[in-house]
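Colleague: Give the three-dimensional model of this entry:
(one chain, ligands or ions: 1)
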Amino acid sequence: MEAVKKTFKMALIQMEVQRSKATNVLRAKELIQQAAESGANVVVLPEMFICNYDRQSFEENAEPILNFKEDEKATAARMLSDAAKEHEIYIIGGSIPELREDGWVYNTSACFDKSGDLAAKYSKVHLFDIDIPGRATFKESEFLRPGTEFTLFETEYCKFGVGICYDVRFPDFSQVLCRDFGADFLVFPAAFTKPTGELHWDILRKGRALDNQAYFAFCSPARPEDETRYQAYGYSSFIDPWGKLQAECETAEDIVYQDIDLSIVDQCRAQIPCYSQRRADLYKLTCLKDAPDSSTT
Ligand SMILES: NC(=O)CCC(=O)C(=O)O
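Modeller: Below is the predicted model:
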């Protein structure tokens, strides 16, 4: 699909995620409606917005995505599809634990077009395996399988390159999305931990925008006041192609809106022409995959 409209309104829903999937699906539906009624054309949800951020919750709440219309477990995907169709908006559905036929759970973002069709699906390729003793220890690879594909979500406004949370720490991944596959907007549903968010959230969001001269958005869950619950960092935000913070939430549940003007991407790339000044005779980034075709497999 060719990008024809260069301006649109986007909303990042920084939702407070509860333990119950049914409660979260209902709340997401209400917040999507609120964003659509406020004029958003593209709405984004946070990483793993349907359940608590832990192994047991992922396994108990996982649902299939590809056959969401038929499978009764697919309540989150069906809600996203119905909401996109009802409000005639694009939805980048944060992520949900996706149960695939191989029996494994993937951390997957399902993206729906204005007709409610599943237009793109991305599974997190870099799983969050870190160990900062006493502060943040995770080993997602013990219970999730990584994706193996790049994903573009093409709309009439722009080409969104989709990543999830920890993927942001791998600059080559974002560069491939932008430079090889033509993304002009990087969208990352994310649920950073509080300690690592304090260290790196601001640097990473500005870094990825700046090194690709592209728009960048992080969409986080809210941080619950109950400290026994997963303490997501918050601060869902938009960064423009110059690396400038345009708008952000704080830590509570909220929706942040931004009018996006895609001509700023062209302007920025023309005025500081890093794209054409690369020394391809000296170095290059090698991508081992074909361009994504927006297929959902
Ligand atoms: N859900 C995640 O991938 C968390 C990533 C994170 O907190 C980080 O510091 O990176």
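Colleague: Report the distance from stretch 195-207 to the chain centre.
Modeller: Chain-centre distance of stretch 195-207: 16 Å, with CA atoms, centre = their mean, to the nearest Å.
Colleague: Flag every buried residue along it.
Modeller: By neighbour count on 16 or more other CB atoms under 10 Å, the buried set for stretch 195-207 is 196-197, 199, 201, 204-207. (C-beta placed from N, C-alpha, C; glycine too.)
Colleague: how close does residue 192 get to residue 231?
Modeller: The span separating residue 192 from residue 231 equals 10 Å under the rule CB to CB, to the nearest Å.
Colleague: With neighbour numbers in mind, choose between the two.
Modeller: Between residue 192 and residue 231, counted using other CB atoms under 10 Å, the more crowded position is residue 192 (27 against 20).
Colleague: Apart from its chain neighbours, what residue comes closest to that one?
Modeller: With CB to CB, 6 or more residues apart in numbering as the criterion, residue 192 has its nearest non-adjacent residue at 4.1 Å, and that residue is residue 233.
Colleague: Hmm, the one you found is touching residue 222, no?
Modeller: No. Taking CB atoms under 8 Å as the contact criterion, residue 233 and residue 222 are not neighbours in contact, 10.1 Å apart.
Colleague: Now do the shared contacts for those two.
Modeller: residue 251 (CB atoms under 8 Å, 6 or more residues apart in numbering).
Colleague: all helices for the stretch 51-200 of the chain, in order.
Modeller: Counting by DSSP state H, counting those that start in this stretch, the stretch 51-200 of the chain forms helices over residues 55-61, 75-87, 171-175, 194-212, given from the N-terminal end onward.
Colleague: And the longest one, what does it pack against?
Modeller: Spelled out, it's helix 194-212. Taking 3 or more CB pairs under 8 Å, 6 or more residues apart in numbering; DSSP states H and E as the contact definition, the neighbouring helices and strands of helix 194-212 are strand 129-132, helix 171-175, strand 185-189, strand 215-219, strand 237-239.
Colleague: right, so of the ones you listed, which gets closest to residue 47?
Modeller: Minimum separation from residue 47 across the helices and strands packed on helix 194-212 (CB to CB) falls at strand 185-189, 4.3 Å.
Colleague: quick one: low-confidence ranges for this protein?
Modeller: Within the chain, the set of residues satisfying pLDDT under 70 comprises 1-5, 294-297.
Colleague: what residues does it put near the ligand?
Modeller: Taking CB under 6 Å from any ligand atom as the criterion, the neighbours of the ligand within the chain are 47, 128, 165-166, 169, 191-193, 196.
Colleague: Would you write a ChimeraX line that selects the buried entries of those residues?
Modeller: Of those, the buried ones can be selected in ChimeraX as follows, counting by 16+ other CB under 10 Å:
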select :47,128,165,166,169,191,192,193,196
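Colleague: The residues of the chain next to the ligand in strands, which ones?
Modeller: In this view, these have no member that belongs to strands under DSSP state E.
Colleague: Make a markdown table out of the helices and strands packed on helix 194-212 and add mean neighbour count and distance to residue 262.
Modeller: Converted to a markdown table, the helices and strands packed on helix 194-212 look like this (neighbours: other CB atoms under 10 Å; distance: least, CB to CB, whole Å):
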| stretch | mean neighbour count | distance to residue 262 |
| --- | --- | --- |
| strand 129-132 | 12 | 35 |
| helix 171-175 | 17 | 17 |
| strand 185-189 | 27 | 8 |
| strand 215-219 | 28 | 8 |
| strand 237-239 | 24 | 13 |
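Colleague: And those: which comes nearest residue 37?
Modeller: Go through the helices and strands packed on helix 194-212 one by one with CB to CB and the one that ends up closest to residue 37 is strand 215-219, at 18.9 Å.
Colleague: Helix 194-212 and that closest one, what's the angle between them?
Modeller: Inter-element angle recorded for strand 215-219 and helix 194-212: 160 degrees (by axes from the mean of the first three to the mean of the last three CA atoms, to 10 degrees).
Colleague: for the helices and strands packed on helix 194-212, which one sits closest to residue 107?
Modeller: For residue 107, the closest of those is strand 185-189, at 9.4 Å, according to CB to CB.
Colleague: what packs against the closest one?
Modeller: In terms of contacts (3+ CB pairs under 8 Å, 6+ apart), strand 185-189 is packed against strand 159-162, helix 194-212, strand 215-219.
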